[in-house]
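A.B. asks: next comes the sequence, and after it the predicted model I'd like to discuss.
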Amino acid sequence: MTEQVPDAPDAPRGAAEQAVLRAALRDCLILVGGLAVLGSVVGLLVAGMPGVWGALIGAALAAFFCATTVWSMLYTVGKGTTAMGAVVMGSWLAKMVVLIVVLVVITQFDFYDRVVLFVVLLLGAVGSALLDYRAVRNGRMPYVEPEATTDVKP
């Protein structure tokens with residue numbers, strides 16, 4: 001299902017971009033929810049309760065990464081390339097810090113299965129990238145924004 005942007009001439013600037021990004025966020029959250037459920041079931045069968053915890057941690061990290069990327073893009077729609085670049089780079093750096101901190105903290109514990117966490121996080125990252133690509137490919141993005149015209153006759 002692709003979100004469509006109305007063809008109305010007075011549609012707000014950036015509406016097409018926002019529709020594409022909202023579709024990417026929605027699809028990403030559905031993916032992460034599915035990964036959490038399916039990963040928990042498979043993790044339970046493979047490694048018991050540590051597998052469930054590994055799947056849930058991996059899904060939570062995947063959700064954080066996906067949502068942060070899409071949020072940073074949604075936040076910068078219409079703000080210019082410099083602002084977009086700064087926010088996207090800042091969010092990427094923040095994600096790396098969060099990932100390192102989470103991994104450093106949880107390596108001290110053994111209540112989760114590391115392999116299940118890695119697999120779920122990897123599937124979340126690859127799936128998120130594919131869903132973002134699909135949202136952009138299927139989105140109706142204008143290449144040129146028409147100039148506003150007036151109804152004044154010469």
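C.D. replies: Right, received. Where do you want to start?
A.B. asks: mind naming the longest helix for this structure?
C.D. replies: Using DSSP state H to define each element, the chain has its longest helix at helix 15-47.
A.B. asks: P50 against Y112, yeah?
C.D. replies: Yes - between P50 and Y112 a contact is recorded at 5.3 Å, counting by C-beta atoms under 8 Å. Just so you know, the C-beta spots here come from the backbone N, C-alpha and C atoms, and that holds for glycine as well.
A.B. asks: which residues does the residue nearest the centre of the chain contact?
C.D. replies: Closest to where the C-alpha atoms of the chain average out (C-alpha atoms, centre = their mean) is C66, at 2.8 Å. When contacts are counted by C-beta atoms under 8 Å, 6 or more residues apart in numbering, C66 is found next to L25, C28, L29, L31, V32, G124, S128.
A.B. asks: what is the most widely separated pair among those residues?
C.D. replies: Largest separation among those by C-beta to C-beta: L25 and G124, giving 13.9 Å.
A.B. asks: run the chain-centre distance for the next helix or strand along the chain from the longest helix of the chain.
C.D. replies: Taking DSSP states H and E as the definition, the helix or strand that follows helix 15-47 towards the C-terminus is helix 49-75. Once both centres are worked out by C-alpha atoms, centre = their mean, to the nearest Å, helix 49-75 turns out to sit 9 Å from its chain's centre.
A.B. asks: and the helix or strand just after helix 49-75, which residues are buried?
C.D. replies: Note on helix 49-75: by DSSP H and E, the next helix or strand toward the C-terminus is helix 81-106. Of the residues in helix 81-106, those with enough neighbours to count as buried (16 or more other C-beta atoms under 10 Å) are M84, V87, V88, S91, K95, I106.
A.B. asks: can I get the residues you listed in CSV with pLDDT?
C.D. replies: Converted to CSV, these look like this (pLDDT from 0 to 100):
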residue, pLDDT
M84, 84
V87, 91
V88, 85
S91, 91
K95, 90
I106, 94
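A.B. asks: so what's I106 up against?
C.D. replies: By C-beta under 8 Å, 6+ apart, the residues touching I106 are I57, Y112.
A.B. asks: gap between it and A62?
C.D. replies: To A62, I106 is 15 Å away according to C-beta to C-beta, to the nearest Å.
A.B. asks: good, wrapping up.
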